[in-house]
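**Student:** sequence first, predicted coordinates after that:
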Amino acid sequence: MMHLPSIPALLKRSLSPAPPSAIDLTRQLAKASGDAAGPRVANALAVELGGLEDSRFSEYFAAVARELAAEWQIVIHQLNLAAGGTALLVDLRRRLLVLAKSQPELKPLERQLQQTLTSWFNGGFLTLRRIDWDSPASLLERLMRYEAVHPITSWANMRRRLAGDRRCFGFFHPAMPNDPLIFVQVALTREISQTIKPILEAPIGDDPAPTTAIFYSISNCQRGLNGIPFGNLLIKRVVTELHQELPSLTTFSTLSPIPGFRQWIERNDGGTTGLSAADTALLATPHWWDHPESYPALELPLTRAAARYLTLAPEGRAPDPVAHFHLSNGARVERINWRANLSDNGVAESYGLMVNYRYRLDHIQKAQLGYRAGKVPRAWAIDALLHTPLRMPFLRSDANTRRSVIHG
């Protein structure tokens, strides 16, 4: 038999005040600085924001910007006192970064939160940890989810990346001890790698004295920390750690994607890219990369265009985000690799090209200064590409190759 509530109980329920909303609690928190009630209100607000529907955040932040912009810093510091407060603030900035694109009035809130998080996540607070197969399963699951360059498709794939000839390191913050901020994956080899497939799929090696460390994937895990520069510190710390563990290492290089290259080709004409109308027509041929007969016609034009793209640095900033990251950290453009990543993503980003950035430990500061002045540090092979005639005499079959690929 179903029991209905009594009339007095219904009246009492209807007369009870509604729980305070997120904006109500934020108003209270803005006034609670130094108040004993501050932590209680902060925890209540954290719970309320944690359960807030995605569609309501726009309304919430708009109310904060309208009423509490001057008190926003107080709210940030008070909210950090709540359980899980730091992680919540990182997530709030992630949301603000998206919303501020269409609601410019939210930009001051986002900037203030960025400034605060930058001070909280400086290098002095970060811990470098090696991640291996014995790390907690929950952490390994996060790596699988966060990997942004070369997807980890299975536990077997994960185990291969954490084998004895590989290394993985991540930065952690005391307030988020089980959630990496950024992590890097490294292959230990005897030479600078030209293609990604052997790194991801080759059998496990047992070389006791590798000479080369290849940084092949760097993934930022927290979008709310975008623009906070701890990636450069990660590279330096990992190089130091590896050198201490393996004194045989003498070469530190990356095998990196060129995520902006194809878009740059498609948005610019031949005067900028150096590609001819025939090159462009061949690039438009569906799945040309599956036809070996197209390689002689396109390898030189595309690698030369990539050299142009990667040596652009107007006002000391390369247009490619990965290039800017490594060049600003003191690397040089070492080599452009043809057909290095023929995955769907590799072709979509850069027609399958990849690049090695090399960190020469005794040249890092000089390279950084040159890059800031607008001069991209590069190996002689890149200069040779830039000064090579686009049509070499020995490529006389070029026109016939183009016709056969385009017309089948």
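**Tutor:** Structure's in. What do you need?
**Student:** going by C-alpha atoms from here, please, whenever you check contacts or count neighbours.
**Tutor:** OK.
**Student:** name the nearest residue to Pro377, sequence neighbours excluded.
**Tutor:** Leaving aside its sequence neighbours, Pro377 sits nearest to Arg332 (CA to CA, 6 or more residues apart in numbering; 4.7 Å).
**Student:** to clarify, my last question referred to Asn122.
**Tutor:** Phe230 (7.1 Å).
**Student:** the one you found contacts Phe125, correct?
**Tutor:** No: with contact defined as CA atoms under 8 Å, Phe230 does not count as touching Phe125 (10.8 Å).
**Student:** please, where are all the helices along the stretch 201-350 of the chain?
**Tutor:** Ranges of helices within the stretch 201-350 of the chain are 231-245, 261-267, 270-273, 277-283, 295-310, 321-328, 344-350, based on DSSP state H, counting those that start in this stretch.
**Student:** for the third one, buried residues please.
**Tutor:** By that I understand helix 270-273. Thr273 (16 or more other CA atoms under 10 Å).
**Student:** try the fourth one
**Tutor:** When burial is assessed from 16+ other CA under 10 Å, helix 277-283 yields the following buried residues: Asp279, Leu282, Leu283.
**Student:** how close does the second one get to Arg262?
**Tutor:** Okay, so that is Leu282. 14 Å (CA to CA, to the nearest Å).
**Student:** now do the contacts for the residue nearest to Pro377.
**Tutor:** Going by CA atoms under 8 Å, 6 or more residues apart in numbering, Arg332 touches His326, Tyr357, Arg358, Tyr359, Ala367, Val376, Pro377, Arg378, Ala379.
**Student:** what about Thr285, how many residues nearby?
**Tutor:** Using other CA atoms under 10 Å, the number of residues around Thr285 comes to 13.
**Student:** can you pull the pLDDT of it?
**Tutor:** pLDDT, Thr285: 91.
**Student:** got the phi and psi for it?
**Tutor:** Taking degrees, to the nearest 10, you get phi -70, psi 130 for the backbone angles of Thr285.
**Student:** just Leu162 next, same as before
**Tutor:** phi -110, psi 20.
**Student:** again with the one 5 residues further on
**Tutor:** The phi/psi pair for Arg167 (degrees, to the nearest 10) reads phi -140, psi 150.
**Student:** contacting residues for it?
**Tutor:** Here Arg167 is in contact with Arg130, Ile131, Asp132, Arg161, Gln185, Val186, Ala187, Leu188 (CA under 8 Å, 6+ apart).
**Student:** quick revisit: would you point out the most distant pair within the contacts of Arg332?
**Tutor:** His326 and Ala379 (14.5 Å; CA to CA).
**Student:** those two: which is more packed in?
**Tutor:** Counted by other CA under 10 Å, His326 and Ala379 do not tie: His326 has more neighbours, with 21 against 14.
**Student:** so that one touches Tyr357, yeah?
**Tutor:** Yes: judged on CA under 8 Å, His326 makes contact with Tyr357 at a distance of 6.9 Å.
**Student:** rewinding a little: and the contacts of Arg167, which is closest to Asn268?
**Tutor:** The closest of the contacts of Arg167, once distances to Asn268 are taken by CA to CA, is Gln185, at 33.7 Å.
**Student:** what about that closest one, which SS state?
**Tutor:** strand (DSSP: H, G, I helix; E, B strand; the rest coil).
**Student:** what strand or helix carries the nearest residue to it once chain neighbours are set aside?
**Tutor:** Closest residue to Gln185 apart from its sequence neighbours, by CA to CA, 6+ apart: Cys168 at 4.5 Å. If you go by DSSP states H and E, Cys168 is part of strand 166-172.
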